[in-house]
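Undergrad: what shape does this take:
(2 chains)
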Amino acid sequence: MNRKTRVRFAPSPTGPLHMGGVRTALYNYLYAKRRGGDFILRIEDTDSHRFVPGAEQYIIESLNWCGIVPDEGVGIGGPHAPYRQSERREIYRQYAEQLVASGNAYYAFDSAESLEAARAQAEAAGQTFIYSSATRGAMRNSLTLSEEETQRLLRETQDWTIRFKMPVGRTVQMDDLIRGHVEISSDTLDDKVLWKRADSLPTYHLANIVDDHLMEITEVIRGEEWLPSLPLHYLLYEALGWQDTMPRFAHLPLLLKPVGNGKLSKRDGDKMGFPVFPLRWVSPTGEVSRGYREDGYFPEAFVNMLALLGWNPGTEQELFSLDELVEAFSLEKVSKSGAKFNPEKAKWFNREYLRLKDDGALADAFLPLLEAQGIQSSRDYVLRVVALIKERATFVADFWDIAWYLFKAPEAYEPKDAAKFWKDENPARVLELATFVRDWQGPLEKDAIGPALEDYIRSREWPMGKVMNALRLALTGSGSGLGIADIICLIGKEEFTSRIDKICKSL
RNA sequence: GGUGGGUUCGUAUAACGGCUAGUACUCAAGAUUUUCAUUCUUGCAAUAGGAGUUCGAUUCUCCUACCCACUACCA
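TA: Okay, the predicted model is just below:
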């Protein structure tokens, strides 16, 4: 009875992994690790028509980037291999036949056209056709056809599917770890296709149950969109005689778009300027979708943000490392309602993580960006710059915009700021300060030259703000930027005087 | 249409029958600073509506409204 916790993430390789999918994977991972269990990656590629090349690799790379590493599965292997459903066809086949033999399923020979006709007819009558206990008697299947005819069709054609024979008059009692008790009458459910004619593979429903059973999955943690098929899954476990080891289920709330209603889609991201995928994705048709990684998010920030979308620890802590998440996570604290994604909060998380990073790592990330700008600079210098600007940035990519003037002189001056600060006596005062700095003999340190500069300005009875801003205009080209003393210490006395020369000539 | 799920400040959420309904993001104001940013302080802002149970409902029950999902030989 005391089974080892084993959970799985089972995406379809039909395109890039959506951030909602990443969250599902994350919750599975956290749940497993919290309980010392296994996290398995299974690829559900039973739909050959929607298969997208590269999607599987994308999924694996995304999980890796996030640090959500499976214990077994596609790309890793394990005792239950293969973990790709398309490679498990024969396994499913035997269980599908077992279901027919035990009377829990049947062969159906209806053509696509006849099904379409039945639907059209129902629609004309203002109703919806469902293939169910109420209608199966009027369709072409092994229940209505003679045994000989059924055998003949099976023998001579490939034109058949296997459908689940939904029991009549059953109230299915279900328990969900997040939603509690749910019940539904089997009479409202349809005879779902279990085995597809189209590609001679099982549908999700069958493959899913068989694999979860065979792989000894103890909890199924998946998206809310699966809740409506939970009764089918319960009944399938029962029909296969596996109810004693049936996993427990948890259906996660959906991730919704930031404004309006409905689930988060790629379109929302494009429209509002945020990624919905962990990694950049180029579709086979060449369409590009941005990714969190390429947008400059740290994986820790992305994961932290995602974890708190639909789950909370019950405390006021918001910043969690992956290990801390493992420690704090529980399904009881997952909320029932859908969570609207907030791009602003995502940025806030990244800002917090950027501050937590050590200067060395940030300098190493900044160095290539500087190179791309044609700047040659020592790591040591960049280290000093980064220490001063990291509080002002959300992404490493912001560093250049914030600190470019620490690497080269301004080529133009913000007209508004120039008009405001480069007037009256200010040019003359700035020139005088250039001399003061040039002749400065003390150490080139903020705490030495800064106060000295201020004392000088005060002794001349100049207005501090106006003079400092005029100086800043000379150094940065605008009215904003770091403290003057900080800038001087970084760029040095020579560059300082040269920039003052330059502004005097330009303006 | 049918079935199921959901509903606390704009957003994420806390309060698992009991204080003036808390916190974070956003926004606004003020303070700090030589500017900008940071930081700090303060502020704006919510229990969808209606019945019922109870001494007392955000919390339990029912009804209504709204939102979402599912309703494929897709997952």
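
Undergrad: check contacts around the nearest residue to residue A:174 once chain neighbours are set aside.
TA: Once flanking residues are discounted, residue A:174 sits nearest to residue A:182: 4.7 Å by C-beta to C-beta, 6 or more residues apart in numbering. (C-beta placed from N, C-alpha, C; glycine too.) For residue A:182, the contacting residues are A:174-176, A:227, A:230, by C-beta atoms under 8 Å, 6 or more residues apart in numbering.

Undergrad: before we move on, what about residue A:226?
TA: So residue A:226 contacts residue A:251 (C-beta under 8 Å, 6+ apart).

Undergrad: ok, now the one 10 residues further on?
TA: For residue A:236, the residues meeting the contact criterion (C-beta under 8 Å, 6+ apart) are A:164, A:205-206, A:209.

Undergrad: how close does it get to residue A:102?
TA: 12 Å (C-beta to C-beta, to the nearest Å).

Undergrad: ok so, going back, how about the contacts of residue A:182, which pair is most distant?
TA: A:175 and A:227 (12.2 Å; C-beta to C-beta).

Undergrad: the two: who's more crowded?
TA: Shown here are residue A:175 and residue A:227; by other C-beta atoms under 10 Å, residue A:227 has more neighbours (17 against 13).

Undergrad: list the contacts of the more buried one.
TA: Residue A:227 touches A:176, A:179, A:182, A:251, counting by C-beta under 8 Å, 6+ apart.

Undergrad: now stretch A:125-137: buried residues?
TA: Neighbour-count burial for stretch A:125-137, counted by 16 or more other C-beta atoms under 10 Å, picks out A:129-133, A:136.

Undergrad: ok, and which of those reach RNA strand B?
TA: A:129-131 (C-beta under 7 Å from any atom of the strand).

Undergrad: what ranges do the strands span in chain A?
TA: A:6-9, A:38-41, A:72-73, A:105-108, A:161-164, A:171-176, A:180-185, A:193-195, A:219-223, A:248-252, A:255-256, A:281-282, A:288-289, A:339-340 (DSSP state E).

Undergrad: among these, which is nearest residue A:151?
TA: Residue A:151 lies closest to strand A:105-108 among those, at 9.8 Å (C-beta to C-beta).

Undergrad: quick one: contacts of the closest one?
TA: A:96, A:99-100, A:131, A:136, A:139-143, A:150, A:153-154, A:160-165, A:191, A:193-194, A:239.

Undergrad: out of those residues, which end up buried?
TA: Buried by 16+ other C-beta under 10 Å: A:96, A:99-100, A:131, A:136, A:139-143, A:150, A:153, A:160-165, A:191, A:193-194, A:239, out of those.

Undergrad: what's the closest non-adjacent residue to residue A:347?
TA: residue A:394 (5.2 Å).

Undergrad: ugh, wrong one, I meant residue A:362
TA: The shortest distance from residue A:362 to any non-neighbouring residue, by C-beta to C-beta, 6+ apart, is to residue A:386 (4.6 Å).

Undergrad: circling back to that earlier point, please flag which of the buried ones among the contacts of strand A:105-108 sit within helices.
TA: A:96, A:99-100, A:150, A:153, A:239 (DSSP state H).
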